[in-house]
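Colleague: What follows is a predicted protein model with its sequence.
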There are 2 protein chains.
Amino acid sequence: MSKLSEFELIESYFRDLNQSRSDVLLRQGDDCAVVKTTPGTHIAVTTDTMVSGVHFDEKVPPRALGHKLVAVNLSDLAAMGAEPAWLSLAITLPEVDQEWLKEFAAGMHELAGYYHCELIGGDTTRGPLTLTLTAHGLLPEGQRLTRHNARPGDWIFVSGNLGDAAAALAGQQGELSLSSFVQHKLNERLFYPTPRIALGQALRGIATSCIDISDGLAADLSHILTRSKVGARIFLHQLPYSEALKSLTVEQQRHYALHGGDDYELCFTVPEEMRGSLETSLAHSSVKLACIGQIDRSSGLRFFDHDKEVASSNTGYQHFNS
Amino acid sequence: MSKLSEFELIESYFRDLNQSRSDVLLRQGDDCAVVKTTPGTHIAVTTDTMVSGVHFDEKVPPRALGHKLVAVNLSDLAAMGAEPAWLSLAITLPEVDQEWLKEFAAGMHELAGYYHCELIGGDTTRGPLTLTLTAHGLLPEGQRLTRHNARPGDWIFVSGNLGDAAAALAGQQGELSLSSFVQHKLNERLFYPTPRIALGQALRGIATSCIDISDGLAADLSHILTRSKVGARIFLHQLPYSEALKSLTVEQQRHYALHGGDDYELCFTVPEEMRGSLETSLAHSSVKLACIGQIDRSSGLRFFDHDKEVASSNTGYQHFNS
């Protein structure tokens, strides 16, 4: 198969990802894509790479890979309060496997299409399987959510449930013994995470800081604390778990929720006086929120089980630095 | 070394690539970078990946890799007439080699800094060495250079010299026997190509089509012909060669110029009535241009040596489809 026709073949799989957005002036097929911007709108840009053998193995279905590649990038846009717009895909493949490509593209399309996000270009190369996506989102001027404005007294919220993806991985790797039903339920969250796009946009003007949880709640919340120069108390008994995760011991649940990673939920801070606005803003939303702590003037994280402070060694927190 | 400090280490090498552009509102360290756009300005986006063992081998100095990764992306921006602005780097590394990173970042910085182009974000992952850059350029509304507007009668120009990079590679791989002086001269063009940024911008409103030559003149010009639904005559005796390439046979020179690739010169078309404007626009520029053919109403490429048509089999053209 010549280089040219191979290329055309690959591009044909991604054609469904052209959503005909009116702000895309030139698509794949020229030296660059060209997009139009709107006055008063800023652009949020994020890039994430997934490497075979590092971020996933051959057990992950290609459809899940396509979904997850889009999800992890859109999750970064969500954490800024941005509206997804344009994608650029760099895909390095060891060989052209038509079935694989079809499934991978379908996984990308399902999520990108839902958010009216268009693939505007990219590059296809031969080599060890590596997937890089750059996602662009639109932000009304001055409305971005960042990591550095959390204030003492702000309440800390997380969306959805925590720990499922990390427990799924531990089950796959034999570190946890799980029933096939529970393993299957947890795999769903590992393979098909949900970027919290609508929530991110609803938090504009309400949250004082926001981050998406990709490395575990403790690590990601710590980024907010460091950048905002504050500390936090975490209410361990308030951490939200799925029914599947509740089949584990409480200690395991807390461990995966705090240090697991791959959740792609949002963690954000809201001042007391904005809690009413938060409820109003999300009245018609089905996303579950849990208030899991409070920002204070200390430094770093402290953990509480109801009113009792718990040494961080009991939470597995020390694992993070090992 | 923990994951976090390794990350910080890597980011420290790329800090020089923060050029403090006033349109970058948020840099590395949050979920996304945020950039500001100007009304009336469009954005050109391009992505190129370089894979170890495919696009380069361990003989290529890391400084050259950094230079070339920026150059191939800026070359795509040049071909649109865009002004380089923001870069996003996805780098997959098998290990943290400080010396390698320092040289690679320096190579990127030399070129990106010259064009006041800022690294706004990216991702660092572990795995087989793979380098992906997404470059964003600014374009005045309606001024982009594309591939689809070449018209019969337009003259075909190329910048600089052709064939050096491909001959350098052939010399390295033992397909050509070159003196060490010539090999060294040709290597310079393979390792450190020049993106024709100023030329691209000067061609706005003058060229009817433009492309950068990455796969060889014949292949890349063919993209213009296909998209513009025209044909072309190429004047073989007008192809521009470096002094180093002139040490090869005429047939070899033509072969590498037509089919070599990796030149990163611009190939563009200019109507007869715009040739004066072209000269005016480039009066103070040092870039060398050669008029190497003319667009006609035929289909595909025909080759002429002075007034005599040459069968394409004599030019090596058939190699392209093999």
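Modeller: That came in fine, so what should we check first?

Colleague: from here on, contacts and neighbour counts on C-alpha atoms
Modeller: Noted.

Colleague: hey, where'd the strands end up in the stretch 151-300 of chain A?
Modeller: Taking DSSP state E, counting those that start in this stretch as the criterion, the stretch 151-300 of chain A carries its strands at A:155-159, A:209-212, A:231-235, A:266-270, A:289-296, A:300-305.

Colleague: Let me know which of those is tucked in deepest.
Modeller: For those, the largest average neighbour count (mean count of other Cα atoms under 10 Å in any protein chain shown) is found in strand A:209-212, namely a mean of 30.

Colleague: How far off centre is it?
Modeller: Offset of strand A:209-212 from its chain centre (Cα atoms, centre = their mean, to the nearest Å): 11 Å.

Colleague: thought residue A:185 was touching residue A:244?
Modeller: Yes - assessed by Cα atoms under 8 Å, residue A:185 is found in contact with residue A:244 at 6.5 Å.

Colleague: what's the closest of the strands of the stretch 151-300 of chain A to chain B?
Modeller: Among the strands of the stretch 151-300 of chain A, the nearest to chain B by Cα to the nearest Cα is strand A:209-212 (6.6 Å).

Colleague: For that closest one, enumerate the helices and strands it packs against.
Modeller: If you count contacts as 3 or more Cα pairs under 8 Å, 6 or more residues apart in numbering or on different chains; DSSP states H and E, strand A:209-212 packs onto helix A:62-80, helix A:217-228, strand A:266-270.

Colleague: and that strand, which strands flank it?
Modeller: Take DSSP bridges as the rule and strand A:209-212 pairs in its sheet with strand A:266-270 (antiparallel).

Colleague: what's the angle between the strand it pairs with and strand A:155-159?
Modeller: 150 degrees (axes from the mean of the first three to the mean of the last three Cα atoms, to 10 degrees).

Colleague: Domain parsing of chain A, as residue ranges.
Modeller: A:6-140, A:155-310 (automatic domain parsing).

Colleague: could you dump the ones you listed to TSV with mean pLDDT?
Modeller: Formatted as TSV, those follow (pLDDT from 0 to 100):
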stretch	mean pLDDT
domain A:6-140	92
domain A:155-310	96
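
Colleague: Adding distance to residue B:138 as columns, could you present those in a markdown table?
Modeller: Below are the domains of chain A laid out as a markdown table (distance: least, Cα to Cα, whole Å):
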| stretch | distance to residue B:138 |
| --- | --- |
| domain A:6-140 | 9 |
| domain A:155-310 | 27 |
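
Colleague: Between these, which one is closest to residue B:270.
Modeller: Closest approach to residue B:270 among these (Cα to Cα): domain A:6-140, 18.2 Å.

Colleague: Relative to the whole chain's centre, how far out is the host helix or strand of residue A:119?
Modeller: Taking DSSP states H and E as the criterion, residue A:119 maps to strand A:118-126. Put simply, strand A:118-126 sits 21 Å off its chain's centre (Cα atoms, centre = their mean).

Colleague: So which bits of that strand are buried?
Modeller: Buried residues in strand A:118-126, counted by 16 or more other Cα atoms under 10 Å in any protein chain shown: A:118, A:119, A:120, A:121, A:122, A:123, A:124, A:125, A:126.

Colleague: if we look at it, which residues are touching it?
Modeller: Around strand A:118-126, the neighbours that count as contacts under Cα atoms under 8 Å, 6 or more residues apart in numbering or on different chains are A:7, A:10, A:14, A:17-21, A:24, A:26-28, A:32-33, A:85-95, A:112, B:45-51, B:54.
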